[in-house]
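Participant: Below: sequence and its predicted model.
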Amino acid sequence: MRINKKILLVTILCGIAVLAQSFTQKDDDKPQNLKILPKNISEKELHDIMRGYCMSLGVRCNFCHVSEQVEGQAKPKFDFASDDKPEKNIARNMMKMTQAINENYIGKMIGGDHALEQIACVTCHMGRKTPIVSLDSLKKP
């Protein structure tokens, strides 16, 4: 009976240690190389923003981020900090552009209360990789 209590105690302590480790975020896990988004952004906020970009452009993460298929794994390994793909810097410039339009133009047109109407990636991209800038953009190649 006494051995069973020791086994139970060790099992509980191991479980607590595993849970504590899973909730502790290592510095390596924090987003790196953020140039537009806030450095203290939460993981949930970052994922929500990135999911919005994917949906707005009809793409997946590897459109802007370097990825490599690893043998034996279903999902690719990503190097999110890398700037090797030009699409990532294009996205950063587009983020600056939409911020500027929302703050400097739309915000002034509506008398400073531009929370109701703002542009976003989907405004021009509408689920496409390239923005729709004219009716000709809607024609399929």
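Facilitator: Yes, it's here. Numbering: from 1, shown residues only.
Participant: so where's this protein uncertain?
Facilitator: Low-confidence segments of the chain, defined by pLDDT under 70, span residues 1-11, 13-28, 110-116, 140-141.
Participant: So for it, which residue is the most central one in space?
Facilitator: When Cα atoms, centre = their mean is applied to the chain, the residue found nearest the centroid is Met50 (2.8 Å).
Participant: And that one, how far from Gln118?
Facilitator: Applying Cβ to Cβ, to the nearest Å, the value for Met50 to Gln118 is 18 Å. For every residue, glycine as well, the C-beta is placed using N, CA and C.
Participant: ok so, going back, looks to me like the residue nearest to the centre of the chain is in a strand.
Facilitator: No. Counting by DSSP: H, G, I helix; E, B strand; the rest coil, one finds Met50 to be helix, located in no strand.
Participant: which residues sit in contact with the nearest residue to it once chain neighbours are set aside?
Facilitator: Leaving out its chain neighbours, the residue that sits closest to Met50 by Cβ to Cβ, 6 or more residues apart in numbering is Cys61, at 7.0 Å. By Cβ atoms under 8 Å, 6 or more residues apart in numbering, the residues touching Cys61 are 50, 54, 67, 78.
Participant: can you count the residues close to Phe78?
Facilitator: Applying other Cβ atoms under 10 Å, we find 13 residues neighbouring Phe78.
Participant: I'd assumed Asn62 was in contact with it.
Facilitator: Yes. A contact is recorded between Phe78 and Asn62 when judged using Cβ atoms under 8 Å, the distance being 7.5 Å.
Participant: No further questions, thank you.
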